[in-house]
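Trainee: after the sequence you'll find the predicted model.
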Amino acid sequence: MLKSKTFLKKTRAGGVMKIVREHYLRDDIGCGAPGCAACGGAHEGPALEPQPQDPASSLCPQPHYLLPDTNVLLHQIVNAWRLGTWASVASSLRLPGSLETYVEQEQGENANDRNDRAIRVAAKWYNEHLKKMSADNHLQVIFITNDRKNKEKAVEEGIPAFTCEEYVKSLTANPELIDRLACLSEEVNEIESGKIIFSEHLPLSKLQQGIKSGTYLQGTFRASRENYLEATVWIHGDNEENKEIILQGLKHLNRAVHEDIVAVELLPKSQWVAPSSVVLQDEGQNEEDVDKEEERERMLKTAVSEKMLKPTGRVVGIIKRNWRPYCGMLSKSDIKESRRHLFTPADKRIPRIRIETRQASTLEGRRIIVAIDGWPRNSRYPNGHFVRNLGDVGEKETETEVLLLEHDVPHQPFSQAVLSFLPKMPWSITEKDMKNREDLRHLCICSVDPPGCTDIDDALHCRELENGNLEVGVHIADVSHFIRPGNALDQESARRGTTVYLCEKRIDMVPELLSSNLCSLKCDVDRLAFSCIWEMNHNAEILKTKFTKSVINSKASLTYAEAQLRIDSANMNDDITTSLRGLNKLAKILKKRRIEKGALTLSSPEVRFHMDSETHDPIDLQTKELRETNSMVEEFMLLANISVAKKIHEEFSEHALLRKHPAPPPSNYEILVKAARSRNLEIKTDTAKSLAESLDRAESPTFPYLNTLLRILATRCMMQAVYFCSGMDNDFHHYGLASPIYTHFTSPIRRYADVIVHRLLAVAVGADCTYPELTDKHKLADICKNLNFRHKMAQYAQRASVAFHTQLFFKSKGIVSEEAYILFVRKNAIVVLIPKYGLEGTVFFEEKDKPNPRLIYDDEIPSLKIEDTVFHVFDKVKVKIMLDSSNLQHQKIRMSLVEPQIPGISIPTDTSSTDLNGPEKKKIKLGK
């Protein structure tokens, strides 16, 4: 049936335009109920359950379906019921184009009222229709709405209707579900005392006007991990003069949460502040105690030179909330029988959240997930609701789940849809696979990887040619042969972006059949590869480059240590060892040449855990040892990546996926330059080459570890390397590698960027065909954005895993005293590095309820004077390391000063029996 509506409209030019709107109404849409004779087979797609198996409701004892209105779906779907119940209802809603349930907007009726009426018509139609199925059928459709007027009208029309809260409270078998209801609005649940703390957020229309006129600036709100009263806003747009704006104090933060898109107003220059060096953590239990916050805010303000002042602002409105479910723990209220409690998120950048729950005793000491619902103006903290219980705090499985969720790492098992695109086993190379592929199985190829590696991406070979030159090959797993563009396997790999390596677990980007079997270049099996083969002279100069898809058969899978033993052994002269020695010799020349061009050799303390074979708890912790063979493999991977980058950019100047490393702004180097100056050393930072040369010269005969510390500090000054599409950027330079162009080609098992690069290269050399998305620079830019996010999150998850296993190690180890070096000085703390464990931590010099020592902080040197002792960056100190479990919210490695001795500050050396689990015995407030 066709309904049409015709009207005339005046155009800007003064003409008249006739507009015809047509509605096509269908009479063949089924109700979705199985066995409905009236609809027959008209229904397509998911069907309703024949007999809904929901928990019994005291309001609706009969079997029933739920029909929620739009707002209920938006606010409650994730939290209140299992998804299947909602999905079955949502999938069966009568479409607006259905003949029986279509309603036209009446004169004077707004769109919202029309939609409400349409849902009521659908609910009424369902109830009447279901009665026709059989005489003994008692199925009902219950309408769920939180709109008071909509509910009243539904009841008047004879439709069973309840609010979300009424219905959930009626589910007597599941009383805990009431905790999972989202608050209806910011006004509901406001603290009764009603004191206004924050200024009102401006409406979106005013914010947009202000941004357009330049009164306000739009940016991303980034909360500080170290100071809950401070944040920065990164301003969007390339032309902004002030890219970063500082916010200080609760009222200026004005209810913004980490990662929100906010509008800020720049304060007059007289009110600008410098970034604070105070470490402040929100430990208050009383959510209404705002006066103490003002006292703490005054601590942030100190006399500083004018050049240290930064553009400062305040949040005037929220453009987009980027809230997500947060992991953390419940801080149970001191008031007996209270249902209102504070939740402390695991991420210190997220404020505490006020929730109501009847399960506080059960949830205490457990990791839970909470969602934010709103943040009223008169509440110190946002309101939220309980979502899920993850398990006991400190348990390995629970903590791993928390860090994966907190870093947004997709870790669910691969779906059947994804697995359906894997090759059927047993798999073997066919004649079709050999098309456009070279047979290199005769070559003496081997792989060199860390011990226990099962996802072997790369293998190498080196042999002498008849003309006296050398042939060197880098052979990379041909993952793109198995992952075809656009299918479910490809989409899932693109979403995950990267494999995530935790201390005891690997979250694969691709299913295990590929990552540890068919794509892994294990020895003595035929494998498909993508090979980059160079002809070089003995001075490592490239004479010819060839890219080809290939079949290889690796002759050995070696660890770095095994490869090093072969190179060093005088008794071994087989083909594999000869190949390794040739590769190692060339790698040294390549590295020397790279460093001469200005490539940086930086340092970061990496640790390796030795696990107990039965309990899987860490029993030893040491920094990773790097061998010549590590450097050998790295040099050829870099060379392959650069060669491939040049080739794909040559062929696809607008659509190449590349990787760049921007040069840091001079201000980033301030801490490095000042720290070196305090040791009478000069660090030049005008170019990467001058920085590299300065670091090479920065040696101290009496302090050999100084150079490593400077390189660690230099690493902290660097910008993040990022993927980008060549058609969307002009600056391709990789600062750290001193290379004009770079990409990632060598790890397609664990990085999706490499899969795209393989596809581009395959098209460039005629080994595969292209597809539309591959040459769409906007789609490629979107892929790069996701990859950059996933890589950053994977790094953070890895660090969090190391931190957790470090806690487990010191839990069993007890209290340990070790030498450490100061990396940074703060106003009330020093940040130290313990070389033995590659561990970093903060030693605080102020504690609650104790007189504060006399502290003098000098940012210029930088130094911190405590009583009569002065601390500089790189000073050697002795610290005690222990696990502090007094705060279950954030168990942490706690460090306290042992040497130099400062009365009232340093802990004596005989405190090995100190109980750190009782807060009354805490000597110094320490934390990381």
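Mentor: Alright, I've got the coordinates.
Trainee: CA only for contacts and neighbour counts going forward, please
Mentor: Fine.
Trainee: so where do the strands sit in the stretch 51-200 of the chain?
Mentor: 64-68, 140-144, 161-162 (DSSP state E, counting those that start in this stretch).
Trainee: look at the nearest residue to residue 480 once chain neighbours are set aside and give its secondary structure.
Mentor: Once flanking residues are discounted, residue 480 sits nearest to residue 755: 5.7 Å by C-alpha to C-alpha, 6 or more residues apart in numbering. Classification of residue 755 using DSSP: H, G, I helix; E, B strand; the rest coil returns helix.
Trainee: the chain should start at 178 in everything you say after this.
Mentor: In the new numbering, first residue 178, that becomes residue 932.
Trainee: got a list of contacts for stretch 859-872?
Mentor: Stretch 859-872 is contacted by residues 772-778, 843, 846, 849-850, 853-854, 875, 884, 887-888, 912-913, 915 when judged by C-alpha atoms under 8 Å, 6 or more residues apart in numbering.
Trainee: going through the residues you listed, which ones are buried?
Mentor: Neighbour counting over those (16 or more other C-alpha atoms under 10 Å) leaves 772, 775-777, 846, 849-850, 853, 875, 884, 887-888, 912-913, 915 as the buried ones.
Trainee: mind checking how far the helix or strand harbouring residue 836 is from the chain centre?
Mentor: Using DSSP states H and E, residue 836 sits within strand 834-837. The chain centroid and the centroid of strand 834-837 are separated by 20 Å under C-alpha atoms, centre = their mean, to the nearest Å.
Trainee: just checking, what packs against the helix or strand following it?
Mentor: Of the helices and strands lying after strand 834-837 in sequence (DSSP H and E), the nearest is helix 847-854. Packing partners of helix 847-854 (3 or more C-alpha pairs under 8 Å, 6 or more residues apart in numbering; DSSP states H and E): helix 883-894.
Trainee: export the next helix or strand after the helix it packs on as PDB, just CAs?
Mentor: Downstream of helix 883-894, the first helix or strand assigned by DSSP H and E is strand 899-902. Below are the C-alpha coordinates for strand 899-902, written out as PDB (Å, rounded to 0.1, in the frame of the first residue of the first chain):
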ATOM      1  CA  VAL A 899      52.400   6.700  14.500                       C
ATOM      2  CA  TYR A 900      51.000   5.100  11.400                       C
ATOM      3  CA  PHE A 901      49.600   7.400   8.700                       C
ATOM      4  CA  CYS A 902      48.400   7.400   5.100                       C
END
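Trainee: looks like residue 840 contacts residue 912 (just checking).
Mentor: Yes: distance between residue 840 and residue 912: 5.5 Å, which falls inside the contact criterion (C-alpha atoms under 8 Å).
Trainee: helix, strand or coil: sort out residue 525 for me.
Mentor: coil.
Trainee: count the neighbours of the residue nearest to it when sequence neighbours are not counted for me.
Mentor: Excluding the flanking residues, the one nearest residue 525 by C-alpha to C-alpha, 6+ apart is residue 402, at 5.4 Å. Taking other C-alpha atoms under 10 Å as the criterion, the count of residues near residue 402 is 16.
Trainee: can you give me the pLDDT of residue 402?
Mentor: What the model reports as pLDDT for residue 402 is 84.
Trainee: same deal with residue 268?
Mentor: Among the per-residue scores, residue 268 holds a pLDDT of 35.
Trainee: again, but for residue 794
Mentor: What the model reports for residue 794 is a pLDDT of 65.
Trainee: skip the chain neighbours and tell me the closest residue to the residue positioned nearest the centre of the chain.
Mentor: Nearest to the mean C-alpha position of the chain, counting by C-alpha atoms, centre = their mean, stands residue 970 at 3.0 Å. Spatially, and ignoring its direct neighbours in sequence, residue 970 is nearest to residue 584 (5.4 Å; C-alpha to C-alpha, 6+ apart).
Trainee: contacting residues for that neighbour?
Mentor: Counting by C-alpha under 8 Å, 6+ apart, the residues that residue 584 touches are 970, 971, 973, 974.
Trainee: equivalent analysis for residue 642, please.
Mentor: By C-alpha under 8 Å, 6+ apart, the contact set of residue 642 is residue 648.
Trainee: try the one 10 residues further on
Mentor: Going by C-alpha under 8 Å, 6+ apart, residue 652 touches 635, 636, 637, 706, 707, 708, 709.
Trainee: let me have those residues in JSON lines, extended by distance to residue 1084 and secondary structure.
Mentor: What follows is the contacts of residue 652, written out as JSON lines (distance: C-alpha to C-alpha, whole Å; DSSP: H, G, I helix; E, B strand; the rest coil):
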{"residue": "635", "distance to residue 1084": "51", "secondary structure": "strand"}
{"residue": "636", "distance to residue 1084": "53", "secondary structure": "strand"}
{"residue": "637", "distance to residue 1084": "54", "secondary structure": "strand"}
{"residue": "706", "distance to residue 1084": "59", "secondary structure": "strand"}
{"residue": "707", "distance to residue 1084": "59", "secondary structure": "strand"}
{"residue": "708", "distance to residue 1084": "59", "secondary structure": "strand"}
{"residue": "709", "distance to residue 1084": "59", "secondary structure": "strand"}
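Trainee: what is the neighbour count of the nearest residue to residue 692 once chain neighbours are set aside?
Mentor: The spatial neighbour of residue 692 that comes closest, neighbours along the chain excluded (C-alpha to C-alpha, 6+ apart), is residue 632 at 5.2 Å. By the measure other C-alpha under 10 Å, the count of residues near residue 632 is 22.
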